[in-house]
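Q: Sequence plus the predicted model coming up.
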Amino acid sequence: GQQLVVGGFGKASSFDLAAGEPRRQFAHETAASGLAFTTKGDVLVTNSEKSVKLWAFATGREIATLPYSGDIPLRELAVNRSGKLVATGTDGSFVHVWDVAARKQLRQFKMDRGALIECLGFSPNDKTLAVGTDAGELLLLDAGGGKELLKWDADVSHTLAYSPDGSLLASAGMTTDNAGQVQLWKVAAPTPAPNQPAKPIELAA
């Protein structure tokens, strides 16, 4: 909670919140569009359109680059709690899952629709990967094998987050009439059947 990391063209930058001053820069060949920390906060993971990099946050030293040879630009990323897996999304509806220790891509998942991957998030138990697209689609994938567990349409899917116990998924963004909205979805065990429709939770004002 003492530093803020911001993505930008050709780099990500960290800032000391108390002093209001920049601390370190993490260089990329193009804009750093995705940022995520491992659970302990000691490793920063960033991505540009063409690469994913791991950094020792305290020193700014580059630990590794995860090789990406695809032609479709990478957009977003997420890191699971153990720090062993990194997921990336692309402009062309692909989700990639990477093994950090082996420095290689484990699997690739293609969305049904030609939509942009807007957001990604691992569940707290690392078993599920949630994916949101600009077409208003939300998916839950088996993080270990990539199998689709659940898919449904949402009013908003620009960003998402799990509750600490993993029982709820929040999705948020702008609706078609330019209104900001947050929706909560029940995603708790038992694992839902494939393609079973999900319903948002009704909340009192």
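A: Perfect, I can see it now.

Q: ok, residue 70 - how many residues close by?
A: The local packing of residue 70 (other Cβ atoms under 10 Å) involves 15 other residues. C-beta: built from backbone N, CA, C; applies to glycine.

Q: ok, for it, nearest residue in space, not its chain neighbours?
A: Residue nearest to residue 70 in three dimensions, not counting chain neighbours: residue 90, with 7.0 Å by Cβ to Cβ, 6 or more residues apart in numbering.

Q: list the contacts for the one you found?
A: Under the criterion of Cβ atoms under 8 Å, 6 or more residues apart in numbering, the contact partners of residue 90 comprise 70, 72-75, 96, 117.

Q: Filter those residues down to the buried ones, PyMOL style.
A: Selection of the buried residues among the contacts of residue 90 in PyMOL, burial being defined by 16 or more other Cβ atoms under 10 Å:
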select buried, resi 73+74+75+96+117
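
Q: Can you tell me which of the contacts of residue 90 is nearest residue 182?
A: Sorting the contacts of residue 90 by distance to residue 182 puts residue 117 at the head of the list, at 19.8 Å, by Cβ to Cβ.

Q: how about the closest one, what does it touch?
A: With contacts defined as Cβ under 8 Å, 6+ apart, residue 117 is in contact with 75-76, 89-91, 93-95, 111, 131-133.

Q: Mind checking which of the contacts of residue 90 land in strands?
A: With DSSP state E as the criterion, strands contain 74-75, 96, 117 from among the contacts of residue 90.

Q: Neighbours of residue 11, how many?
A: The local packing count at residue 11 equals 17, with neighbours defined by other Cβ under 10 Å.

Q: Do I have it right that it meets residue 29?
A: No. Distance between residue 11 and residue 29: 10.0 Å, which falls outside the contact criterion (Cβ atoms under 8 Å).

Q: Are there residues contacting both of the two? Which ones?
A: Looking at what touches both residue 11 and residue 29 (by Cβ under 8 Å, 6+ apart), there is no common residue.

Q: how about the CA coordinates for stretch 24-33, as CSV?
A: The C-alpha atoms that make up stretch 24-33 are tabulated as CSV, following Å, rounded to 0.1, in the frame of the first residue of the first chain:
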residue,chain,number,x,y,z
ARG,A,24,11.5,3.1,-10.8
GLN,A,25,10.7,2.5,-14.4
PHE,A,26,10.0,-0.9,-16.1
ALA,A,27,10.8,-0.6,-19.8
HIS,A,28,8.8,-2.1,-22.6
GLU,A,29,9.1,-1.9,-26.4
THR,A,30,5.5,-0.5,-26.6
ALA,A,31,2.9,0.7,-24.2
ALA,A,32,2.7,-1.3,-20.9
SER,A,33,-1.1,-2.1,-20.9
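
Q: What is the end-to-end distance of stretch 151-165?
A: Stretch 151-165 stretches 21 Å from its first residue to its last (Cα to Cα, to the nearest Å).
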